[in-house]
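need coordinates for the below:
(2 chains)
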2 protein chains.
Amino acid sequence: MNEFELIEAIRARFGERGGRVLIGSGDDGAVTRCEGVTVTSVDGFVEGVHFRLATTSMRDLGHKCLAGACSDIAAMGALPGEAYFVLGLPTHLAAGEVTDFAEGAEALAADLGVAICGGDLSRSHELFVAVTATGHAAGEQELVSRAGARPGDRVGVTGTLGGAAAGLLLLERKLGGLDPEIGETLIARQLRPRPRLEAGRALAQAGVHAMIDVSDGVASDGARVAERSGVRVEIELSRLPVEEGVTAVAAKAGIEPIELAAGGGEDYELLITVAEDLAPEAEAAAEQGGTAVTWIGRVREGAGVRLLAGDGTERSLRGWDHLAPRPVPPAPA
Amino acid sequence: MNEFELIEAIRARFGERGGRVLIGSGDDGAVTRCEGVTVTSVDGFVEGVHFRLATTSMRDLGHKCLAGACSDIAAMGALPGEAYFVLGLPTHLAAGEVTDFAEGAEALAADLGVAICGGDLSRSHELFVAVTATGHAAGEQELVSRAGARPGDRVGVTGTLGGAAAGLLLLERKLGGLDPEIGETLIARQLRPRPRLEAGRALAQAGVHAMIDVSDGVASDGARVAERSGVRVEIELSRLPVEEGVTAVAAKAGIEPIELAAGGGEDYELLITVAEDLAPEAEAAAEQGGTAVTWIGRVREGAGVRLLAGDGTERSLRGWDHLAPRPVPPAPA
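Reported below is the predicted structural model:
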C-alpha cells in the first residue's frame, strides 16, 4: 500500500455527520459552515512520552488522542464540531495499523458527533499524533473559560478521579491481584477515556464561572484556573471522588492514592467553580450530562492552588513529570 | 527556563490582530468569531523529512511551516485567519531556539494578517511541527476547490517555478559558482516562501474553476486536480516559468531543469484552471495579487496528468520522493 492508497484507506473509514462539512478531506483545506464562534484546541501525543505502543493498541490510541482533544472542547461548554489529524508514521508501522488508528478515532467520533474531515501523513522516526478539535457555539457568552473563578465559589469535579493513572500503573507495572473487572475498568479509563461533552454543555448553561478538563490532575489544572482567574483554589484532598480500585492499585504500587487522584491526570473529568447559590443547578446539569459533581473545595482571594489534608494543613504532591519518557512515577526504592 | 516559562516566552511573542480572536492562547481552546464558512488545513513537518536543522534556522523554520499551512488557505481563495502550532521538541534544543521559531512564525503571521492563537508543546526525540491554519469566507461560493476543472480550461500557474528546489540543492549540496545574489534568492524561496494569499483571493473572485497550491510540483499537484475533477491535465513543459538561476543550478547538479521546475515542489505558487473566456480576468487578478499567471497547458477529458515535451511527446519525471529522508535527488553516479 503506497501513501496515496493509505490515505484513501483512512479516508474511507471516516463517516460524514453534523451537516457542517461542505468540503471534507481531499482538498487544500476542509470547508465547514459556522455560526457565531468557534472553539479550537490542538494537542500533541508522542510515543514514549504520552503513550507506549507496548501497552496501547493503535485502535485505542486513535480513540484516546481524539478524546483528549475533544475534552478541551467539553471544558469550554461548546458543541463538538470537527477534528483533524497530523500523523508522523515510523516505517515499522503496517498500513493496517494506521487504519486501526483511524477506526478507533472514527468510532469515538461517531459516538460524539464529531466529523473527522482532514489530516496529513508524514514519515517520521517516532510515532506522533497532533489533533485539532473544534467546537461551536452561538456566541462567546455560551462558553466558559478558565478565567472566571471568583472568591467564594465552590470548586467541584465531575465523575471520579485517579482511574486513568491507576490504569496506567496496571499496564506499565503489570500489577496483579486486583479484581479483574475493576482492573479492566481502570485500564479502560486510561486507554479509552470519554470526554464529558454533554456535561460540559449543561454546566456552561447552568452558569458555572470557570471550567477546565482534568488532563494533568486537579492539582495542576486547579493551578491553571487559579492563575488565569487571579484567585487561589483550595482543594480538600479528603473530598476527592477517588475511583473504585485506585486505593488498591496505589497500595500495590507503594504510592499514596491521593498521588493518583490529585496528581495522576488523564481522567478527563471537568473541574468547575460555581457561585454558592448556583450549586444545585450545577449538580442537576452534571446529572443531565450523565455524571455527578462532587464538591471538593473553595475559591479564595490569593494565588495558586492549595491542597489541604484532612487536618487543614497544606500538602504537596510528588507529582508526575509529564515530560519524562513515561508519566509513571518510579517504583519506590 | 521550565516548560511554563517557555510557553509564556512564546506567547509573549504573538501579537493580537484581525479582531476575530475572543479568547487566545492559554485557555482550553481559542475562541474565534466566524461568519459563513471556515477553511481549515493541517500540515506536518518533520526533521530529516521536510527540513534539516543543519541547513534551516529555527527562525526560518517557523516562517516556513506557517507559510506552507497558509498556502493551502490561499489555494482555496479564503481570507487568512488563525494558526495553531503543535511542537515536538527534542532536549537538545535551547529555549532561545524555540522562541526563535516563534519569532519567525510571528513575523510572517504579522505580514499576512494571521493570528497565532494556540498551541501545544511536547517533549520528543525528533523535532516536529504540526500547523493548523484557518481561513474565512462569507460562503462556499467564494471559495475554489481542486474539483472544478473542466475540459477546455486553460491551465495556469502564478510566479516562477523550480526556485525552492534549486535553493534546496544549493543548501544541501553546497554548490558553488553561482551569482551570489541569485543564489540567495533561490535559498530564500526554499527557506522563506510567501504564500499567495492576495493572488488566491483575487483569482477566486475572477472565477477560476480549480485551484491548488504547488507544494509538490506542478506534476503531482496537477495530478491531484485531475483526480478530484475527473479530468486530464496536460502541461507543456516548455511553457513552465522557470525561475532565474534554476537552469544553472540544475546544470551544476547534473539534473534537468524541468525536474526542479515541474517536480521539485515547495514553490507555493498557485496552479489554476480557468475557462478560456475568463483568462484575461485571471491575468488581471494575478497582477492584482502581486504576481503574473503563465499559461502552461489545457484541461482535457480523461484522467491523470500528462507532461508534454516540446515535440508533443509525453515525458515522465524521475520525481523526488517526499517520504525519503531528504527530498533531494541523489547525485548522479
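
contact partners for whichever residue of the stretch 51-200 of chain A sits closest to chain B?
Using C-beta to the nearest C-beta, the single residue of the stretch 51-200 of chain A nearest to chain B is A:A130, 3.3 Å away. The C-beta positions use only the backbone N, C-alpha and C, and glycine is treated the same way. Neighbouring residues of A:A130 by C-beta atoms under 8 Å, 6 or more residues apart in numbering or on different chains: A:42-45, A:85-86, B:42, B:44, B:86, B:120, B:130.

look up how far A:V233 lies from A:A219.
9 Å (C-beta to C-beta, to the nearest Å).

okay, the two: which has more neighbours?
When A:A219 and A:V233 are compared for neighbours, A:V233 comes out ahead with 31 against 25, by other C-beta atoms under 10 Å in any protein chain shown.

bridging residues for that one?
The partner list for A:V233 in beta bridges (DSSP bridges) reads A:V299, A:V305.

ok, it to B:G302 distance?
Per C-beta to C-beta, A:V233 is found 65 Å from B:G302.

quick one, domains of chain A?
Domain ranges of chain A: A:3-142, A:154-315, per automatic domain parsing.

switch these over to JSON lines; also include mean pLDDT.
Shown next, in JSON lines, are the domains of chain A (pLDDT from 0 to 100):
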{"stretch": "domain A:3-142", "mean pLDDT": "94"}
{"stretch": "domain A:154-315", "mean pLDDT": "95"}
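
isn't A:T132 up against B:T132?
Yes. With contact defined as C-beta atoms under 8 Å, A:T132 and B:T132 form a contacting pair (4.5 Å).

which neighbours do those two share?
Counting by C-beta under 8 Å, 6+ apart, the residues touching both A:T132 and B:T132 are A:40, A:42, A:84, B:40, B:42, B:84.

show me where the stretch 1-150 of chain A has its helices.
For the stretch 1-150 of chain A, the helices defined by DSSP state H, counting those that start in this stretch occupy A:3-11, A:58-76, A:95-112.

and among these, the most buried is which?
With neighbours taken as mean count of other C-beta atoms under 10 Å in any protein chain shown, the helices of the stretch 1-150 of chain A reach their highest mean count in helix A:58-76, at a mean of 27.

okay, now A:N2: neighbour count?
Counted with other C-beta under 10 Å, the neighbours of A:N2 add up to 9.

ok, now which ones touch the residue at minimal distance from the centre of chain A?
Central residue of chain A (C-alpha atoms, centre = their mean): A:Y268, 3.3 Å from the mean position. With contact set as C-beta under 8 Å, 6+ apart, A:Y268 has these partners: A:67-68, A:71, A:74, A:164, A:193-196, A:213-215.

that one falls within a strand, correct?
No. A:Y268 is assigned coil when assessed by DSSP: H, G, I helix; E, B strand; the rest coil, not a strand.

quick one on the thing from earlier: out of the helices of the stretch 1-150 of chain A, which is closest to B:G289?
Across the helices of the stretch 1-150 of chain A, B:G289 has its closest neighbour in helix A:3-11 (30.3 Å, C-beta to C-beta).

what is that closest one packed up against?
Helix A:3-11 makes packing contacts with helix A:95-112, strand A:115-123 when contacts are defined by 3 or more C-beta pairs under 8 Å, 6 or more residues apart in numbering or on different chains; DSSP states H and E.

for the last one, enumerate the helices and strands it packs against.
For strand A:115-123, the helices and strands in contact under the criterion 3+ C-beta pairs under 8 Å, 6+ apart are helix A:3-11, strand A:30-46, strand A:79-89, helix A:95-112, strand B:30-46.

kind regards, and thank you for your time.
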